[in-house]
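*Asks:* missing the sequence, but the structure's below:
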């Protein structure tokens, strides 16, 4: 790995405001999450940068962005002519899986930034190592399992919203068709079926462990209303949620 003579990458820790903004820049940008969520709009669709997923934004691409809640990201700006592999990655797959190697680099750079300014030599070498890690081949089975874990974790964190396969696809950087294939291979069901089961599971756990009203539980789990939740729950458990909760409460008392 030779870095002598290459442009010096900019490496920063940034927080994004909730206000929506848009721009483009003449350098590639790698955005890696430390905490929180960044929502991106790009010509190739919406992207979510969160705990399991980063993103590479190619030079010259218009993109809009806004932060969600408390957030913090490592942002690396790299000259467009720095490394052809990075541009190829932007086109092929803009999403970045936050695997063990990337987490190691994030922990290291976060500590170094806290200690003060970074030398040009350090910036060049760290960025080159990061790109090597992003380009490292990942076994097909391991990658599929990682993508599926990211998809299901994202679903669990967004149950209250109206979810479609295209939303899951955007969150993990795949096409809707590839997401449908991923779920069939990993779970033997469609994303829509998984989302329905995840909502029902979340609501059932809330029924068992909290005193929240059934209407509140239904909405918090992503059902359109209490009636929709009651129908789905009754099909699964053979009785309505109110009776199910009451019987389990009485059995605990005895």
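*Replies:* Right, received. Where do you want to start? Computed from a predicted structure; not experimentally measured.
*Asks:* didn't residue 50 look like it was pressed against residue 37?
*Replies:* Yes: counting by CB atoms under 8 Å, residue 37 is a contact partner of residue 50 at 4.7 Å. The way it works is simple: take the backbone N, C-alpha and C, and place the C-beta from them, glycine included.
*Asks:* Common neighbours of those two, please.
*Replies:* Here residue 50 and residue 37 have no joint contacts, going by CB atoms under 8 Å, 6 or more residues apart in numbering.
*Asks:* residue ranges for the strands of the stretch 51-200 of the chain, please.
*Replies:* 53-57, 63-79, 95-97 (DSSP state E, counting those that start in this stretch).
*Asks:* Return the set of residues that bridge with residue 55.
*Replies:* Residue 55 has these beta-bridge partners by DSSP bridges: residue 31, residue 95.
*Asks:* Equivalent analysis for residue 42, please.
*Replies:* When bridges are called by DSSP bridges, residue 42 pairs up with residue 45.
*Asks:* and residue 242, which of the strands of the stretch 51-200 of the chain is closest to it?
*Replies:* strand 63-79 (33.8 Å; CB to CB).
*Asks:* Pull out the buried positions in that closest one.
*Replies:* Residues 63, 65, 66, 67, 71, 73, 74, 75, 76, 77, 78, 79 are the ones in strand 63-79 that count as buried (16 or more other CB atoms under 10 Å).
*Asks:* surely the first one meets residue 57?
*Replies:* Yes: the pair residue 63 and residue 57 passes the contact test of CB under 8 Å, sitting 5.8 Å apart.
*Asks:* what do the two both touch?
*Replies:* 40, 42.
*Asks:* quick one, what contacts the nearest residue to residue 145 once chain neighbours are set aside?
*Replies:* Using CB to CB, 6 or more residues apart in numbering and skipping residues adjacent in sequence, the residue nearest residue 145 is residue 186, 7.1 Å away. For residue 186, the contact set (CB under 8 Å, 6+ apart) comprises 144, 145, 148.
*Asks:* what's the closest of the residues you listed to residue 14?
*Replies:* Checking those one by one against residue 14 (CB to CB), the nearest turns out to be residue 148, at 29.5 Å.
*Asks:* was I right about the closest one contacting residue 184?
*Replies:* No: assessed by CB under 8 Å, residue 148 is found out of contact with residue 184, at 10.7 Å.
*Asks:* Please identify which of the two sits among more neighbours.
*Replies:* A direct count of neighbours by other CB atoms under 10 Å for residue 148 and residue 184 places residue 148 higher, at 18 against 13.
*Asks:* confidence score at the more buried one?
*Replies:* Here, the pLDDT recorded for residue 148 equals 85.
*Asks:* Find the nearest non-adjacent residue to it, please.
*Replies:* Residue nearest to residue 148 in three dimensions, not counting chain neighbours: residue 186, with 4.2 Å by CB to CB, 6+ apart.
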